[in-house]
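>>> coords below, sequence missing:
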């Protein structure tokens, strides 16, 4: 995975930071980005504050190959992502001819008002990200991909964006789990397996279910053969500790 | 809210960034922190990489009044939060006498092994954060509060930590919603209300339900009277646009 392009996600919006809204975009994008080999390496949830958005965009677009943002591209006063991204890139924030034309056609006469016109106003040089659900597009500028916060619209935007991204080898995952096995008993043997598979990330995740607690061990990396071999070793380790390992993740 | 102490949350763990695990801690802590008047101003989700953890802890502990971390304090090789926090503070990572004694008593002879001893090893000067569920404590050093990633253990740790934190005035919230009202129609009037209530954050959140779409407007701040007055103005605004406003958040 060391050679894969990297991604950072900015979740922009007071509603996640205040606890009003349960984020539903992090896990979706994490999964999709792993599949196309652009693993998510950091997420930041930041408020609707211009200097925070501008500063954060500039910091992370320099550090990661791709930056994805969700939220703040609607028509209301708290939707300031687009103008902040323009400021971050130091380019004018101006009507995007294609977005403007589409939205003007979409609305009835008189309904393409000043608030909605903001959704057709973008950093100069932005390329539209279409979506099958709403008329207002997202956009890409440089390595920054600006998407809606509403999950089904964001997902539709990512569907049209993903084929345009040059990914790396997909991240594959193999797992094994065992009930009744405390992490503290498998930890030492697991560290030895990790040491033999430096190209993999071996994660240890306890789980708590009504019908019994246990631990799941997950191997992730680009090399499916290595991931399977590492999980086979972990399976033996679990059995050697008297547990009954089951391949795959524990059922929800 | 400008005078309230601020909080940053670090969610530490590859499992959230890979999409394996849906985060369940952000919303919980956001809500609890708002209630005690220490609003969450930023969240970062970062991987189990020492230099990332150390660098991020040092950056955010200088910028926020409180830093909360979740994840990475178990017994396995991928649990490296505690030693990274010690490195960030430049102090030794060493057995904590009280945590060590408690865990030694808890385990049967021979079971307090090297892996479990890691959970009793902490930055010098750490103060324990107890919890009613597991034997392994979290800890506070400086303004950094290190908690478990498993939600019910994290919540138990926060329960014992919260009374020790000097909060500010609680963040209160008032809301009104209306079906069938597009954000693009209320945006202009809403911006005018926001302009009259500079001490409040007015958020506009579209919702999509099987039985109808609509928009919710939420006012947040320290001043309940102002929040109620702002929501009363938004209610009038909605009615003036021909919608049927309903007080409170839309039902889930």
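Structure received. Remember, it's a predicted structure, so these values are computed and weren't measured experimentally.
>>> now do the SS call for the most centrally placed residue in chain A.
Residue closest to the mean C-alpha point of chain A, counted by CA atoms, centre = their mean, is residue A:29 at 3.2 Å. Three-state call for residue A:29 (DSSP: H, G, I helix; E, B strand; the rest coil): helix.
>>> can you tell me how far it sits from chain B?
The gap separating residue A:29 from chain B is 8 Å, by CB to the nearest CB, to the nearest Å. For the C-beta atoms, the positions are set from N, CA and C on the backbone; glycine is no exception.
>>> surely that residue is in contact with residue A:11?
No: counting by CB atoms under 8 Å, residue A:11 is not a contact partner of residue A:29; they are 9.5 Å apart.
>>> pull the longest helix from chain A.
Ranked by residue count under DSSP state H, the longest helix found in chain A is helix A:224-240.
>>> and for whatever helix or strand comes next after that helix, what's in contact with it?
Later in the chain than helix A:224-240, the nearest helix or strand by DSSP states H and E is strand A:246-247. Strand A:246-247 is contacted from outside by A:175, A:176, A:177, A:178, A:231, A:235, using CB atoms under 8 Å, 6 or more residues apart in numbering or on different chains.
>>> report the two of these separated the most.
The most widely separated members of the contacts of strand A:246-247, counting by CB to CB, are A:178 and A:231 (12.0 Å).
>>> can you show me the strands along the stretch 101-250 of chain A?
Using DSSP state E, counting those that start in this stretch, the strands of the stretch 101-250 of chain A run over A:121-123, A:127-129, A:138-141, A:144-147, A:172-179, A:201-209, A:212-221, A:246-247.
>>> tell me which of those strands is the most buried.
strand A:144-147 (a mean of 25; mean count of other CB atoms under 10 Å in any protein chain shown).
>>> by contact count, what packs against it?
In terms of contacts (3 or more CB pairs under 8 Å, 6 or more residues apart in numbering or on different chains; DSSP states H and E), strand A:144-147 is packed against strand A:66-70, helix A:81-89, strand A:127-129, strand A:138-141, helix A:151-161.
>>> what comes into contact with it?
Applying CB under 8 Å, 6+ apart, the set of residues contacting strand A:144-147 from outside is A:57, A:61, A:66-70, A:73, A:81-82, A:85, A:88-89, A:126, A:129, A:138-140, A:153-154, A:157-158, A:161.
>>> what of stretch A:223-242?
So stretch A:223-242 is contacted by A:172-176, A:178, A:181, A:185-186, A:189-190, A:193, A:196-197, A:199-200, A:202, A:217, A:219-221, A:244-245, A:247 (CB under 8 Å, 6+ apart).
>>> average pLDDT for it?
For stretch A:223-242, the mean pLDDT works out to 98.
>>> quick one: buried residues of it?
For stretch A:223-242, the neighbour count (16 or more other CB atoms under 10 Å in any protein chain shown) marks A:223, A:226, A:227, A:229, A:230, A:231, A:233, A:234, A:235, A:237, A:238 as buried.
>>> so how far is that stretch from its chain's centroid?
29 Å (CA atoms, centre = their mean, to the nearest Å).
>>> bridged to residue A:128, which residues?
Residue A:128 forms beta bridges with residue A:139, as assigned by DSSP bridges.
>>> ok, it to residue A:224 distance?
36 Å (CB to CB, to the nearest Å).
>>> three-state assignment of residue A:8?
Recorded secondary structure, residue A:8: strand (three-state DSSP).
>>> hmm, back to that, of the helices and strands packed on strand A:144-147, which stretch is the most buried?
strand A:66-70 (a mean of 28).
>>> those residues of the stretch 101-250 of chain A touching chain B, which are they?
A:111, A:113-116, A:119, A:150, A:152, A:171, A:173, A:183-188, A:190-191, A:194, A:201-206, A:208, A:218, A:220, A:249 (CB under 8 Å from any CB of the partner chain).
>>> if we ignore the residues flanking it in sequence, what's nearest the residue in the stretch 151-252 of chain A that chain B sits nearest to?
Taking CB to the nearest CB, chain B has its nearest neighbour within the stretch 151-252 of chain A at residue A:187, 3.3 Å off. Counting by CB to CB, 6 or more residues apart in numbering or on different chains, the nearest residue to residue A:187 once its immediate chain neighbours are dropped is residue B:115, at 3.3 Å.
>>> spit out the contact partners of the one you found.
Neighbouring residues of residue B:115 by CB under 8 Å, 6+ apart: A:183, A:184, A:185, A:187, A:188, B:75, B:76.
>>> from those, pick the one nearest residue B:15.
So of those, ranked by how close each gets to residue B:15 (CB to CB), first place is residue B:76, at 12.1 Å.
>>> go ahead and confirm that closest one touches residue A:188.
No: judged on CB under 8 Å, residue B:76 makes no contact with residue A:188 at a distance of 9.2 Å.
>>> quickly list what residue A:123 is bridged to.
Under the criterion used here (DSSP bridges), residue A:123 is bridged to residue A:93.
>>> quick check: pLDDT value at it.
You'll see residue A:123 listed with a pLDDT of 98.
>>> so who does it touch?
Listed by CB under 8 Å, 6+ apart, the contact set of residue A:123 reads A:82, A:85, A:86, A:89, A:91, A:92, A:93, A:139, A:141.
>>> would you mind measuring from it to chain B?
21 Å.
>>> now do the domain split for chain A, please.
Using automatic domain parsing, the domains assigned to chain A come out as A:7-164, A:172-247.
>>> what's the distance between the last one and the middle of its chain?
For domain A:172-247, the separation from the chain centroid amounts to 25 Å (computed by CA atoms, centre = their mean).
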